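>>> Got a predicted model here, sequence first, then my questions.
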Amino acid sequence: DTAVSQTPKYLVTQMGNDKSIKCEQNLGHDTMYWYKQDSKKFLKIMFSYNNKELIINETVPNRFSPKSPDKAHLNLHINSLELGDSAVYFCASSPQRGEYGYTFGSGTRLTVV
Amino acid sequence: GDSVTQMEGPVTLSEEAFLTINCTYTATGYPSLFWYVQYPGEGLQLLLKATKADDKGSNKGFEATYRKETTSFHLEKGSVQVSDSAVYFCALGGSSASKIIFGSGTRLSIRP
């Protein structure tokens, strides 16, 4: 009965590979987000979707492409992985655009070697 | 633009000590304010929130009061436990931006 679930939890891959992270929420929320947390714990928003429509696209390399097949899912695909992409990626959802707080997934630790 | 500033860590305290983690914000409009906690190896969990001026959010012995006049939302707990060791994030949302803006996080370590 996990509210926001991400898979995989850990991902180790070589430079240049393409990988995807999946996120699903069963809370009925309209808005979903991807955040990147670096080694110093700093959280930076990457993307946000509201009812499958992209509403936030921060300065992120175009190697990162989000996809939202329906409002309960927001996946993140990363092409040509680089060492600097190593981080923890968090998916989150909210009933509206941040006013009521987010529910976070448990994170995906991506390590590029 | 909107921003959140919180005290730098790490903060190390002995068990049963009093805790304050300072947080100030800059925002247009009337944002909601949040404290999130991240335990080691886990995602962020909402600890408490306040949606308007003078509201006090509280949970698990932690509390914070939304002070519009000082643009602050300091986190306090009267007697910390070892299990409170975590990273704490102050955040604001629902203002001019359609996203939550997080502070840089404060790592708290409690000694037995």
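Good, I have the coordinates.
>>> is chain A contacted by the lowest-mean-pLDDT helix or strand in chain B?
Across the helices and strands of chain B, mean pLDDT, DSSP states H and E gives its lowest value to strand B:101-102, namely a mean of 91. Yes. Counting by Cβ under 8 Å from any Cβ of the partner chain, chain A has neighbours in strand B:101-102: B:Phe102. Quick note: C-beta positions are derived from backbone N, CA and C, even for glycine.
>>> Could you list every helix and strand in contact with that strand?
For strand B:101-102, the packing partners by 3 or more Cβ pairs under 8 Å, 6 or more residues apart in numbering or on different chains; DSSP states H and E come out as strand B:3-6, strand B:86-93.
>>> Mind exporting the C-alpha coordinates of the first one to CSV?
Going back to what we said before, that points to strand B:3-6. Provided in CSV are the C-alpha atoms of strand B:3-6 (Å, rounded to 0.1, in the frame of the first residue of the first chain):
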residue,chain,number,x,y,z
SER,B,3,14.0,31.3,-1.3
VAL,B,4,14.6,29.5,2.0
THR,B,5,17.6,29.9,4.3
GLN,B,6,18.2,27.5,7.1
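>>> among the helices and strands packed on strand B:101-102, which is nearest chain A?
Closest to chain A of these is strand B:86-93 (Cβ to the nearest Cβ; 3.4 Å).
>>> Relative to that closest one, what are the paired strands and their orientations?
Strand B:86-93 pairs in its sheet with strand B:32-38 (antiparallel), strand B:101-102 (antiparallel), strand B:106-111 (antiparallel), by DSSP bridges.
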